[in-house]
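Participant: Sharing a sequence plus its predicted fold:
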Amino acid sequence: MRKDVGVDGDAQRIGQLVWMLFLKVFDDRETEWELFDDDYRSPLPQAYRWRNWAADAEGLTGEALMSFVDNELFPTLQHLGEGDAELRPVARVIRGVFEDAYNYMKSGQLLRQVLNKIEEAVDFNKAQERHAFGDMYEQLLRDLQNAGNAGEFYTPRPVTEFMVRRVDPKLHEKVMDPACGTGGFLTCAIEHKRARYVKTPEDEAVLQASVFGVEKKPLPHLLATTNMILHGIEVPSQIRHDNTLARPLISWGPGERVDCIVANPPFGGMEEDGIEGNFPATFRTRETADLFMVLIMHLLKTGGRAAVVLPDGFLFGEGIKSRIKEKLLTECNLHTVVRLPNGVFNPYTGIKTNLLFFTKGEPTTEVWFYEHPYPAGVKNYSKTRPMRVEEFATEEAWWGDRQETPQAWKVGIDEIRARNWNLDCKNPHVGEQETHDPEVLLADYRQIQAEIADLQAQLKAALAAALERGE
């Protein structure tokens, strides 16, 4: 793809590769369904099934291939089933995947080479190759972290696994990620349920209908849908291409509440004008992460559990952030905040992040904080030395029988209220330590810059809101 003049940068290359992988994986699944169901009928017209246009190494190439892809394949899939009152869910999934997808490649010869490589690479219906393909796909998602702004869609696997294990969604519980990105939290929830609670085909059917996600942007939605199929969700119609924030908060009825939410809502960004009008006046802001926190609290059932990734700016922020935190602490039990060190999301962002765990329906009496340390000999995470899931073993061992340690401390609700709901509580067991290590100083500098940028964003949003009110 790097030889093709139409593809520019890693994000485009990944987007280009994944729409082809989606059709290849879907075709392999159709082969499996045809074996078990003599009456199976593909939602795709015959000419547009992978096996009939892409699988033949000596098939269409050059200008003929480009004309077919640009003028026939994409228009057909982008409008698949339009006007069909009884549109099958799987056809709706395919149309949703392709409605904002693009073919960036300009060379039919190079496109043919890519198609042939994909066809050679894996037979998804062979268990060993399926496992290898899953590992490759996970690496593809990790590569997004190096793809500019596309990095915001990927949460490191150790973080997602730890959060899902602590929330522990049961078989019948509905799990949702309202900003699901590439689907990492949802695939972890699927694996968690299968490993612990799925014992029969009936259990698997319950699992299939219990996972829900929404993603606003086309590339991660395509990645998430393919990810669901790779993890055995036969018709991932619960992964919607939409903006969850674009719907009025009051329109989410009791029947749409869920048992568990695991999410890493986009932070540092601003929603388009008018979105804040979907929320009560007390919480109106254009800052994305703040709006998602209000939505997440609303979407949880009473007794529902959530784990959410948020930046330091949310913990110490004032104004609307304080009002959101007051709502969180008075309507939910924020029982744990895990404070992650710098670099977990490198190279996409160096902003320091936190994992907030809470249960809806009872007020907070005390908050436990746990400061996640770097492993011995590590001063920062990087592409060559990322966070590992084994690092969370200490938190998991501490979780059930909580005691104060050099990494863990608790703060009562009265103290937090007196701090005007400021949750940026420092570790009392660690005194001020002076360091002259250039790497540490540089990391501190980057964190300060990130915090300044976060405060500037808050100020900009506040000024914009004031101007709209005519103040």
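Facilitator: Happy to help now that I have it.

Participant: Extract the residue ranges of this structure that are flagged as low pLDDT.
Facilitator: Scanning the chain for pLDDT under 70 picks out 85-87, 127-128, 145-153, 347-349, 431-441, 443-444, 447, 465, 468-471.

Participant: longest helix anywhere in it?
Facilitator: Counting residues, the longest helix found in the chain (DSSP state H) is helix 438-468.

Participant: how much space between the closest residue to Glu271 other than its chain neighbours and Ala462?
Facilitator: Distances taken as Cβ to Cβ, 6 or more residues apart in numbering put Arg286 closest to Glu271, at 4.9 Å, once the chain neighbours are dropped. Where you see a C-beta, it was placed from the backbone N, CA and C, and this is true even at glycine. According to Cβ to Cβ, to the nearest Å, Arg286 and Ala462 sit 10 Å apart.

Participant: ditto for Leu207
Facilitator: Distance from Leu207 to Ala462, counting by Cβ to Cβ: 44 Å.

Participant: out of those two, which sits in the busier spot?
Facilitator: Each of Leu207 and Ala462 has its neighbours counted (other Cβ atoms under 10 Å); Leu207 has more, 21 against 15.

Participant: Which helix or strand contains that one?
Facilitator: Secondary structure assignment for Leu207, by DSSP states H and E: helix 201-208.

Participant: now whichever helix or strand comes after that helix: how far from the chain's centre is it?
Facilitator: With elements assigned by DSSP H and E, the helix or strand that comes after helix 201-208 is strand 211-215. Here the centre of strand 211-215 is set off from its chain's centre by 9 Å, with Cα atoms, centre = their mean, to the nearest Å.

Participant: what's the neighbour count on Ala461?
Facilitator: Neighbours around Ala461, by other Cβ under 10 Å: 20.

Participant: Skipping adjacent residues, who's closest to it in space?
Facilitator: Nearest non-adjacent residue to Ala461, counting by Cβ to Cβ, 6+ apart: Arg286, 5.0 Å away.

Participant: ok, residues contacting the host helix or strand of Lys117?
Facilitator: If you go by DSSP H and E, Lys117 is part of helix 108-121. Helix 108-121 is contacted from outside by 1, 3-4, 17, 20-21, 24, 54-55, 57, 59-66, 69, 105, 133, using Cβ atoms under 8 Å, 6 or more residues apart in numbering.

Participant: By neighbour count, sort out the buried ones in these.
Facilitator: 1, 4, 17, 20-21, 24, 54, 60-61, 65-66, 69, 105, 133 (16 or more other Cβ atoms under 10 Å).

Participant: Look up how far Leu21 lies from the nearest residue to Glu82 once chain neighbours are set aside.
Facilitator: Leaving aside its sequence neighbours, Glu82 sits nearest to Arg95 (Cβ to Cβ, 6+ apart; 7.8 Å). Counting by Cβ to Cβ, the separation of Arg95 from Leu21 is 18 Å.

Participant: Then Thr302?
Facilitator: For Thr302, the distance to Leu21 - Cβ to Cβ - is 41 Å.

Participant: roughly how far apart are the residue nearest to Glu271 and Val309?
Facilitator: Taking Cβ to Cβ, one finds Arg286 at 20 Å from Val309.

Participant: Likewise for Glu173?
Facilitator: Here Glu173 is placed at a distance of 20 Å from Val309 (Cβ to Cβ).

Participant: One more: Pro373?
Facilitator: 18 Å.

Participant: which one of those two has more residues nearby?
Facilitator: Counting neighbours by other Cβ under 10 Å for Pro373 and for Val309 shows that Val309 has the greater number, 24 against 12.

Participant: Ala263 is in contact with that one, correct?
Facilitator: Yes - here Val309 reaches Ala263: they are 7.2 Å apart, a contact under Cβ atoms under 8 Å.

Participant: Would you state the helices of the stretch 151-300 of the chain in chain order?
Facilitator: Applying DSSP state H, counting those that start in this stretch to the stretch 151-300 of the chain gives helices spanning 157-167, 184-196, 201-208, 218-230, 288-299.

Participant: So which residues make contact with the third one?
Facilitator: Taking contacts as Cβ under 8 Å, 6+ apart, the residues outside helix 201-208 that touch it are Leu171, His172, Ile190, Lys193, Arg194, Tyr197, Val198, Ile233, Glu234.

Participant: among these, which ones are buried?
Facilitator: Buried residues within these, counting neighbours by 16+ other Cβ under 10 Å: Ile190, Lys193, Arg194, Tyr197, Val198, Ile233.

Participant: ok, of the residues you listed, which one's closest to Ala47?
Facilitator: Closest approach between those and Ala47, by Cβ to Cβ: Ile233, at 26.9 Å.

Participant: Got phi/psi on that closest one?
Facilitator: Note on Ile233: its backbone torsions stand at phi -80, psi 110 [degrees, to the nearest 10].

Participant: which ones are touching it?
Facilitator: Ile190, Gln208, Val211.

Participant: Quick check: end-to-end length of stretch 237-251?
Facilitator: Start and end residues of stretch 237-251 are separated by 21 Å (Cα to Cα, to the nearest Å).

Participant: Report the buried residues of it.
Facilitator: Quick answer for stretch 237-251 (16+ other Cβ under 10 Å): Ser237, Gln238, Ile239, Arg240, His241, Asn243, Thr244, Leu245, Leu249.

Participant: and the third one, what does it touch?
Facilitator: Counting by Cβ under 8 Å, 6+ apart, Ile239 makes contact with Val93, Cys180, Gly183, Leu186, Phe212, Gly213, Val214, Glu215, His221, Ala224, Thr225, Met228.

Participant: I'd like the residues you listed as TSV, with neighbour count appended.
Facilitator: Shown next, in TSV, are the contacts of Ile239 (neighbours: other Cβ atoms under 10 Å):
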residue	neighbour count
Val93	24
Cys180	31
Gly183	30
Leu186	28
Phe212	20
Gly213	28
Val214	21
Glu215	26
His221	27
Ala224	27
Thr225	27
Met228	25
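
Participant: Would you reformat those as a markdown table and include distance to Asp100?
Facilitator: As requested, the contacts of Ile239 are exported to a markdown table (distance: Cβ to Cβ, whole Å):
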| residue | distance to Asp100 |
| --- | --- |
| Val93 | 14 |
| Cys180 | 16 |
| Gly183 | 17 |
| Leu186 | 20 |
| Phe212 | 20 |
| Gly213 | 16 |
| Val214 | 15 |
| Glu215 | 11 |
| His221 | 8 |
| Ala224 | 13 |
| Thr225 | 12 |
| Met228 | 18 |
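
Participant: Mean neighbour count, the helices of the stretch 151-300 of the chain: which tops it?
Facilitator: helix 218-230 (a mean of 25; mean count of other Cβ atoms under 10 Å).

Participant: Show me what that one is packed against.
Facilitator: Applying 3 or more Cβ pairs under 8 Å, 6 or more residues apart in numbering; DSSP states H and E, one finds that helix 218-230 contacts helix 10-36, helix 89-98, helix 127-143, helix 184-196, strand 211-215, strand 239-241.
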